[in-house]
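Colleague: make a model of this:
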Amino acid sequence: MTSDPHRDPDPGETWHERSPATGTGELPILSPRPDPQTHRGYAHGTDPRRWRILAVLLVAIFMSLVAVSIINVGLPSIQEGLGASESQLQWILSGYALTFGVVLVAGGRAGDVFGRGFLWMLGVAIFTLSSIAAGLAPDPTMLIVARFVQGVGSGLLNPQGVAMIQQYFKGAERGKAFGMLGSAVGVSVAIGPVLGGLLIQTGGAAEGWRWLFMVNVPVGVVALVLAFLWFPRPLLRGPEGTTIRHALREMDPTGAVLLGIALLATLLPFIEAGSPGTSPWVWALLAVAAMFLALWIAWEKHFKASGHQPMVDLDIFRVSSFLNGTLLISLYFLGITSVWVLVTLYMQKGLGHTALAAGCVGLLNAFASAVASNLAGSRVNRMGRKIVVLGMLSVVVGLLLSMAVILLHDSWHISEWWLVLTLGFVGFGQGAVVSPNQTLTLAEVPLEYAGSAGGVMQTGQRVGTAVGIAMITAVAYGVIAGQGWSVGIAAGLGVVVLVVLLALAVALRDMRHRARQDSRA
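Modeller: Below you'll find the model as predicted:
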């Protein structure tokens, strides 16, 4: 059998026929059954509904990711309208990210077992209903609870979206589809503050925050209706020839609980780090996280040795493209998601601009990210990891120029609005990083594991986000206290540059590994 380490495996090809670790078939790692998710009426990648399905997926994923960034500009309005304390504001901000991250892997595995379309629709329904609850919340406690539930919905729907792109697209079309997903990710991060500022200005300082949640409702309803009309049947199913009880066991509930506790114990200290009066003992939870992670690894090995399919087949981490891509994007999100927190702080608190004005700084960034994602998605099969390296270099250049604008604003009175241009370089680079990395990371993952693998990759992003925001904002605030806003924000962006350079080192290592594979092929 002729092997090309960069081609997509044929739908019926087993992992024994071709090893993704070497491209030669010498090291069988996983032996999945033929993909149970492929719609029987069409060969893999030929379903004529695939572009309509993608459109519905992107609408809901965009909605769920906007919810991460839109809330930043709404915190003052929530504090005024509900009388929330600083600690409650922290949980309103972070509760969503907490449950989002904890649910991702289990949600992805559930989609692999019971049907990705069904789990996606369930996630959208939970997200939409909890958005209504959040918009109508009478007090901070109810808003916190609603945000937790929102995160559960988002954790269910997001890994299904990644897996369904793997399921319905292949080859160059898959790169284009992931390019469109990357556009949704990049635009959602930058457009969230703009949309939030508009809604608060329209609704008023005391009640405008409610529209940050209610705006999700019509989007969620339309997405559910279109999904019901267009998604292939059956929406809900278990593995062929098995009972529901057996299917539930294949979900690996013990593994899901162990990993959930490990992730919760990992994320909680970083989320709580921003709350006033937090005990330093909260960091002891990291030891608890390490213990439960070790238990989870041992359980997954035992579960597989017993003849079952674990929630995450740990051998997947022996696939170099998946390991490198997951590490790369985790490091990248550890740095890049703090950029908008820092810019928003600088524009609103440092310079006294409104929420809407602060959000408008990211408009060119959003546009550049959308353009770059589509360009990169259509070229990733030809350029490979090089396109990710070029994207990261653009991000570094944009961040360094942004630091220069901020520092020179005080001394040379350079306008802060030059940030619109400098952050455009960051957006263009981000579009060339996120979507191509998803394509390259998941290209050698069997479709049967697409949901759980996508969940692992997105979990890395969520953990990176939580750790990065806590770490980088702590650096920024520490410097602000002694040196002022400009120096403090520039210092925070400097830490982001260092983290992105670490991610760039991983990208270069992966590029060299792929070059060696090509030379041996």
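Colleague: okay, and the helix or strand of the protein with the least pLDDT?
Modeller: Ranking every helix and strand in the chain by mean pLDDT, DSSP states H and E puts helix 244-250 at the bottom, with a mean of 66.
Colleague: contacts for the helix or strand just after it?
Modeller: Later in the chain than helix 244-250, the nearest helix or strand by DSSP states H and E is helix 253-272. For helix 253-272, the surrounding residues in contact (C-beta atoms under 8 Å, 6 or more residues apart in numbering) are 90, 94, 97-98, 101-103, 105-106, 109, 278, 282-283, 285-286, 288-290, 292-293, 295-296, 299-300, 303, 310-312, 459, 462-463, 466-467, 469-471. For glycine as for every other residue, the C-beta is placed from the backbone atoms N, C-alpha and C.
Colleague: hmm, 6 Å instead?
Modeller: Identification of contacts with helix 253-272 by C-beta atoms under 6 Å, 6 or more residues apart in numbering yields 94, 98, 101-102, 105-106, 278, 282-283, 285, 288-289, 292-293, 295-296, 299-300, 310-311, 466-467, 470.
Colleague: can you check stretch 403-418 too?
Modeller: With C-beta under 6 Å, 6+ apart, stretch 403-418 has contacts from L419, T422, S486, I489, A490, L493.
Colleague: for stretch 328-347, same thing?
Modeller: 72, 353, 358, 361, 437, 460-461, 464-465, 467-469, 472, 476, 489, 492, 496, 499-500, 502-503, 506-507.
Colleague: next, the distance between the ends of that stretch.
Modeller: Terminal residues of stretch 328-347 are spaced 30 Å apart (C-alpha to C-alpha, to the nearest Å).
Colleague: for stretch 380-387, same thing?
Modeller: Stretch 380-387 has its terminal residues 7 Å apart, counting by C-alpha to C-alpha.
Colleague: for V215, phi and psi?
Modeller: phi -60, psi -20 (degrees, to the nearest 10).
Colleague: please apply the same query to H353.
Modeller: Torsion angles, degrees, to the nearest 10, at H353: phi -80, psi 160.
Colleague: for it, give me its contacts.
Modeller: H353 makes contact with M347, according to C-beta under 6 Å, 6+ apart.
Colleague: against I126, how distant is the residue nearest to M142 when sequence neighbours are not counted?
Modeller: Leaving aside its chain neighbours, M142 sits nearest to A133 (7.2 Å; criterion: C-beta to C-beta, 6 or more residues apart in numbering). From A133 across to I126, the span is 10 Å (C-beta to C-beta, to the nearest Å).
Colleague: repeat that for Q461.
Modeller: Distance, Q461 to I126, by C-beta to C-beta: 20 Å.
Colleague: the two - which one has more neighbours?
Modeller: A direct count of neighbours by other C-beta atoms under 10 Å for Q461 and I126 places Q461 higher, at 23 against 20.
Colleague: residue contacts, the more buried one?
Modeller: Applying C-beta under 6 Å, 6+ apart to Q461 gives the contacts I329, F333.
Colleague: ditto for the one 5 residues further on
Modeller: A466 makes contact with A97, L267, F270, I271 under the criterion C-beta under 6 Å, 6+ apart.
Colleague: apart from its chain neighbours, what residue comes closest to the second one?
Modeller: Nearest non-adjacent residue to L267, counting by C-beta to C-beta, 6+ apart: A466, 4.9 Å away.
Colleague: swap in V103?
Modeller: G155 (2.9 Å).
Colleague: just the pLDDT at the one you found, thanks.
Modeller: G155 is assigned a pLDDT of 88 by the prediction.
Colleague: show the pLDDT at H39.
Modeller: For H39, the pLDDT comes out at 45.
Colleague: ok, back up a step: okay, the contacts of A466 in a markdown table with pLDDT, distance to A223 and neighbour count next?
Modeller: Compiled in a markdown table, those are given as follows (pLDDT from 0 to 100; distance: C-beta to C-beta, whole Å; neighbours: other C-beta atoms under 10 Å):
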| residue | pLDDT | distance to A223 | neighbour count |
| --- | --- | --- | --- |
| A97 | 78 | 22 | 24 |
| L267 | 82 | 27 | 26 |
| F270 | 81 | 31 | 24 |
| I271 | 74 | 29 | 23 |
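Colleague: what helix or strand does S452 sit in?
Modeller: Secondary structure from DSSP H and E places S452 in helix 450-483.
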